[in-house]
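> Need coordinates for the following:
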Amino acid sequence: MGTGKSVDRLELGGLWRGVINFVGDDVVTPDLLLPLLDTVVPRWAGWTYFLGQLSRKLVDSEDRPQLEYEVACARIGHRLWVEQREQLAGWAARSEGGAITRDQLASWWLGDQRDLLACDEEKRLTQFLKLMTFTPEEVPIIDRLADRKRRDLVIYRVREHLHWLNELEKLRELSMKTWPADQRQRRGWTPEELSWVNSYYGDQAPEVSAETRNGVVEPMELESISSEGNLGFGMTELGYSMYVLMRAAVIDFIDELLEASRFPGVRGSLRCIDCGKFAGRRALGYGQLYCSDRCKKRAAKRRYRMRARQRESRKRPLHSGTVDDPGSRRGRKAGQTHRVGVIFRRSRYPKGSAHDRRLATSDRGISQGAGNRGARDQQRSPPSFDQ
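You can find the predicted model right below:
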């Protein structure tokens, strides 16, 4: 971790929350990658060395165009997967010499596993380009990819970075399992999810370091330093950018989780039950359900309106007849009559039974009596329905 005024205002757990809150609950697409990097990375540039390097790379005049080009390639690959999956499956099946499962196709196209299917992409490139349909905006990108020097990488380049969509969804799923607002809804991880976390978290290679004065190391000045391996060799611009961000976010996610499990005073995070965003817990601790007072007030207003509608619905009669009421003020003033509801009782006896016929006769008598009195006493108060 770095030091400085910009970092002092940041908190443990804030990086991964910033990533997941930006992603939201929608389906992750390549269109989200560049805005995510531009929004999250500059604020956390002082958190680690590599995030600082990445923040400068995002605005570099040479690196930025290449980064946008790789996102455009990923956008083509994602569109082919969504709109032309059947054609893609047919092409891959002919390469394999038989049908392939959906899981195999998804692992190959979306999982960054180039050698999962034993097909020669260079020899079958012409058939692939004829089978797939590209938009006018995508044709120049495909022509650039189909250069004679690297024709074997055309298909690989359009799906190379699609696995970052799955990586973001995995982090979102773990966040929802680990930090619900109500702790009773917390769910456990699978062994595969733990292995996925360790693939990033184990990359830190931590060491302890301190200044040496006259050959003596002061143990109270020890600091933890994570070299985080060496990056950049063999990585493309988008691959380097997303790996640095994902690794830093996963490490921040686990560090906060370890702090909360070790020290009871650390409250951890929560997912707001109103807006669904993640936030750090405040003084209420595990009794907190909302990320802010604004969400709390909005939820309270929503509950109030719902109860008001329920009260109104209970006041309205379920079954009513109508009689003329010429005795009301409005009727006398306008010389007209208006309708007044007469509540009829529901029979709790079987239809057609003696009790049911007596109750129906009683209701008809009430209605007829009220109508006769209303016609007879037009200048009196509204009719009474007492027998």
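> Can you spell out the domain ranges of the protein, please?
What automatic domain parsing lists as the domains of the chain is 5-208+223-264, 318-376.
> And the pLDDT at residue 25?
Residue 25 carries a pLDDT value of 87.
> measure it to residue 273 for me?
13 Å (Cβ to Cβ, to the nearest Å). The C-beta positions use only the backbone N, C-alpha and C, and glycine is treated the same way.
> the more surrounded of these two?
residue 273 (16 against 9; other Cβ atoms under 10 Å).
> Now that one: which helix or strand?
For residue 273, there is no helix or strand it lies in under DSSP states H and E.
> how many other residues sit next to the residue nearest to residue 242 when sequence neighbours are not counted?
Distances taken as Cβ to Cβ, 6 or more residues apart in numbering place residue 164 nearest to residue 242, at 4.6 Å, with adjacent residues excluded. Per other Cβ under 10 Å, the neighbour tally for residue 164 reads 24.
> Tell me which other helices or strands the one helix or strand residue 164 maps to touches.
Assigned by DSSP H and E, residue 164 belongs to helix 163-178. Secondary-structure packing of helix 163-178 (3 or more Cβ pairs under 8 Å, 6 or more residues apart in numbering; DSSP states H and E): helix 14-23, helix 102-110, helix 191-201, helix 237-262, strand 269-271.
> got a list of contacts for the last one?
What that stands for is strand 269-271. Contact with strand 269-271 is made by 13, 17, 175-176, 179-181, 256, 277-281, 288-289, 291, as judged by Cβ atoms under 8 Å, 6 or more residues apart in numbering.
> The first one now?
By Cβ under 8 Å, 6+ apart, the surrounding residues in contact with helix 14-23 are 32, 35-36, 39-40, 43-44, 47, 168, 171-172, 175, 245, 248-250, 252-253, 256, 269, 277-280.
> related to what we said a few turns ago, name the nearest of the contacts of strand 269-271 relative to residue 301.
Distance to residue 301 across the contacts of strand 269-271 (Cβ to Cβ) is lowest for residue 289, with 15.4 Å.
> Point out where the stretch 1-150 of the chain drops to low pLDDT.
Regions of the stretch 1-150 of the chain meeting the criterion pLDDT under 70 cover residues 1-9, 95-98, 112-122, 148-149.
> 80 instead?
1-10, 94-100, 112-124, 146-150 (pLDDT under 80).
> Now do the helices in it.
Secondary structure of the stretch 1-150 of the chain, counting by DSSP state H, counting those that start in this stretch: helices at 5-8, 14-23, 33-40, 49-57, 63-83, 85-96, 102-110, 125-131, 139-145.
> What residues sit buried inside the fifth one?
Neighbour-count burial for helix 63-83, with 16 or more other Cβ atoms under 10 Å as criterion, is recorded at 63, 67, 69-81.
> OK, contacts around the nearest residue to residue 29 once chain neighbours are set aside?
Among residues not flanking residue 29 along the chain, residue 78 sits closest, at 6.0 Å (Cβ to Cβ, 6+ apart). With contact set as Cβ under 8 Å, 6+ apart, residue 78 has these partners: 29, 30, 162, 165.
> Cross-check the contact I'm expecting between the second one and residue 75.
Think residue 30. Yes: using Cβ atoms under 8 Å, residue 30 is in contact with residue 75, at 4.5 Å.
> hmm, back to that, between the contacts of residue 78, which is nearest residue 210?
Closest to residue 210 out of the contacts of residue 78 is residue 165 (42.1 Å), distances taken as Cβ to Cβ.
> ok and the helix holding residue 164 relative to helix 102-110, angle-wise?
Counting by axes from the mean of the first three to the mean of the last three Cα atoms, to 10 degrees, helix 163-178 lies at 120 degrees to helix 102-110.
> List the contacts of helix 163-178.
By Cβ under 8 Å, 6+ apart, the list of residues contacting helix 163-178 reads 16, 19-20, 23, 28-30, 32-33, 78, 110-112, 186-189, 193, 196-197, 238, 242, 246, 249-250, 253, 257, 269, 271, 278.
> Only C-alpha atoms, please: export that helix in PDB.
The C-alpha trace of helix 163-178 is given here as PDB (Å, rounded to 0.1, in the frame of the first residue of the first chain):
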ATOM      1  CA  HIS A 163     -13.000 -13.700 -19.800                       C
ATOM      2  CA  TRP A 164     -12.700 -10.400 -17.800                       C
ATOM      3  CA  LEU A 165     -16.500 -10.200 -18.000                       C
ATOM      4  CA  ASN A 166     -16.700 -13.500 -16.100                       C
ATOM      5  CA  GLU A 167     -14.000 -12.300 -13.600                       C
ATOM      6  CA  LEU A 168     -16.100  -9.300 -12.700                       C
ATOM      7  CA  GLU A 169     -19.200 -11.400 -12.300                       C
ATOM      8  CA  LYS A 170     -17.400 -13.800 -10.000                       C
ATOM      9  CA  LEU A 171     -16.300 -11.000  -7.700                       C
ATOM     10  CA  ARG A 172     -19.800  -9.600  -7.700                       C
ATOM     11  CA  GLU A 173     -21.200 -13.000  -6.800                       C
ATOM     12  CA  LEU A 174     -18.700 -13.400  -3.900                       C
ATOM     13  CA  SER A 175     -19.500 -10.000  -2.600                       C
ATOM     14  CA  MET A 176     -23.300 -10.800  -2.500                       C
ATOM     15  CA  LYS A 177     -22.600 -14.000  -0.700                       C
ATOM     16  CA  THR A 178     -20.200 -12.500   1.800                       C
END
